[in-house]
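Visitor: Pasted the sequence and its predicted model underneath.
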Amino acid sequence: MSGICNIQVSFNKPLNIQIWNSAAEQNAQFWASTVFDEIQRIYNKKPVYIEAYRNGEWMGGLKVLLSDYRKFRAIANRWFREAYIQGEVICNNNSDSVEIVFTELVAFANNWLRQQGVISVKVSPYNARPSLLPSFGTAHQFKEFCINHLKIDAGLDNIFSAFHPKHRNLIRKAQKEGVDIVEEYDFELFYEKLLKNTYSDNENKLTDKAFLRTFCNVTQKAGLMRMFFAIHNGQYCAAAIVISYGNMAEYSFGGNIKTNIGAGVLLQWHIIKELRQAGIHTYSLGQTAANYDASNEKFSLGITRFKNRFGGDNIPVWSGVFVYRPVLKKFRDISLKMYLTLKKMSAR
């Protein structure tokens, strides 16, 4: 395609890993990093790097994860291959041509995906920069929500005063009750005791244990993950997994046992202070609901309210599936549903 950029495609790794990861870090885009590829292998996804250069200078990039089916491989990968774009386009922030580079990368990716015979591509945001989220027409399974960002580079007194009065009171209560916050790595404790309890009355599906174990192992090895626990009278009652990348950190996973002593709020206040000391500017508390959802009140009311009371900004974002080959997409979805049903029945 014509344009200001020379666009290159490479499989499994970027043309220059150091340049790519440096740009991903500058964009605070953990999912774009090559570290994230190792996590996605558990779902048999292979990374493809689409990179834009101008006069030899790296200008921007977009990572696409392609499904690599293991069952009925020859047929499935020929006719039912899907693609995933997890996170926004990353750009050379020193350039004055970010918008042009973004447009050319998305147009190139759209044509390339069609040429590969991909039946659909799912797009999801990471760091709440919707202007850099690629779109390929009309999205199916379109969802609107928010990502809550809390600026933590101000003074601690200013951060604390921005909390909702109920959160400030709960922090004081937890401190008075003797809640301790510790940083340690105990995956089984986190998953079995705290995460499972959180999802017990949640409409959302519990995170797959094998995926989360891989996620923790890979990010801990890379020095990006920290795990925190709140303890009261010897009992673990709240926990958080936090990923730091660039100048942003993300509250990736959390679990708790419901109490009325404010352990979860104190846990987050401790994390905020730790991250601020480490030089983090923005703490992402993750997804919040854009609107009330009667089918999932725990998230749209309880979890969203909990996050909002820290005084951060809710940035509107979206996710969606762009379908290139509707007939094959529908056939694939029906076949997968039948396969999973039969598998579940045979396991009984």
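Guide: Yes, it's here.

Visitor: Can you tell me how far residue 115 is from residue 86?
Guide: 21 Å (Cβ to Cβ, to the nearest Å). Bear in mind the C-beta positions are built from the backbone N, C-alpha and C, glycine included.

Visitor: Mind checking which of these two has more residues around it?
Guide: Legend: neighbour count by other Cβ atoms under 10 Å for residue 115 and residue 86, higher for residue 86 (20 against 8).

Visitor: ok, residue 111 - how many residues close by?
Guide: With other Cβ under 10 Å as criterion, residue 111 counts 11.

Visitor: how much space between it and residue 7?
Guide: 10 Å.

Visitor: What residues sit buried inside the helix or strand containing residue 285?
Guide: Residue 285 is located in strand 282-288, with elements delineated by DSSP states H and E. Along strand 282-288, these residues count as buried under the neighbour rule (16 or more other Cβ atoms under 10 Å): 282-288.

Visitor: need the contact list for the residue nearest to residue 172 when sequence neighbours are not counted.
Guide: Nearest residue to residue 172, sequence neighbours excluded (Cβ to Cβ, 6 or more residues apart in numbering): residue 262, at 7.9 Å. Neighbour list for residue 262: 169-174, 177, 179 [criterion: Cβ atoms under 8 Å, 6 or more residues apart in numbering].

Visitor: switch to 7 Å and redo it
Guide: Residues in contact with residue 262, defined by Cβ atoms under 7 Å, 6 or more residues apart in numbering, are 170-171, 173-174.

Visitor: Can you show me the helices along the protein?
Guide: 17-26, 35-40, 73-79, 98-115, 156-161, 165-177, 187-188, 196-198, 209-221, 263-277, 297, 304-308, 326-346 (DSSP state H).

Visitor: Flag whichever of those helices has the least confidence on average.
Guide: Comparing mean pLDDT across the helices of the chain, the lowest value falls on helix 297: a mean of 69.

Visitor: where's residue 214 relative to residue 40, distance?
Guide: Relative to residue 40, residue 214 is positioned 9 Å away (criterion: Cβ to Cβ).

Visitor: Sorry, slip of the keys, the one I care about is residue 259.
Guide: The spacing between residue 259 and residue 40, counted by Cβ to Cβ, is 35 Å.

Visitor: Looking at those two, which one has more neighbours?
Guide: Set residue 259 next to residue 40 and count neighbours by other Cβ under 10 Å: residue 40 wins out with 19 against 16.

Visitor: any idea how far residue 47 is from that one?
Guide: Distance of residue 40 to residue 47, given as Cβ to Cβ: 7 Å.

Visitor: shared neighbours, those two?
Guide: Common neighbours of residue 40 and residue 47 are listed as residue 65 (criterion: Cβ under 7 Å, 6+ apart).

Visitor: number of nearby residues for residue 137?
Guide: Residues lying near residue 137 (other Cβ under 10 Å) number 10.

Visitor: partners of the spatially closest residue to it that is not a sequence neighbour in the sheet?
Guide: Distance criterion Cβ to Cβ, 6+ apart; nearest residue to residue 137, sequence neighbours excluded, is residue 322 at 5.7 Å. The partner list for residue 322 in beta bridges (DSSP bridges) reads residue 121.

Visitor: So what's the residue count around residue 322?
Guide: Neighbours of residue 322 under the rule other Cβ under 10 Å: 22.

Visitor: isn't it right up against residue 118?
Guide: No: look at residue 322 against residue 118 with Cβ atoms under 7 Å: they stay out of range, at 9.7 Å.

Visitor: Identify all contacting residues around the strand holding residue 285.
Guide: Identification of contacts with strand 282-288 by Cβ under 7 Å, 6+ apart yields 127, 145-152, 247-251, 272, 275, 304, 307-308, 310, 312, 314.

Visitor: In contact with residue 239: list those residues for me.
Guide: The neighbours of residue 239, taking Cβ under 7 Å, 6+ apart as the test, are 190, 194, 227-229, 254-255.

Visitor: on that earlier part again, partner strands of the strand holding residue 285, with direction?
Guide: Partners of strand 282-288 in the sheet, by DSSP bridges, are strand 140-151 (antiparallel), strand 248-256 (parallel).

Visitor: of the contacts of residue 239, closest to residue 132?
Guide: Taking Cβ to Cβ as the measure, residue 132 sits nearest to residue 254 out of the contacts of residue 239, at 26.6 Å.
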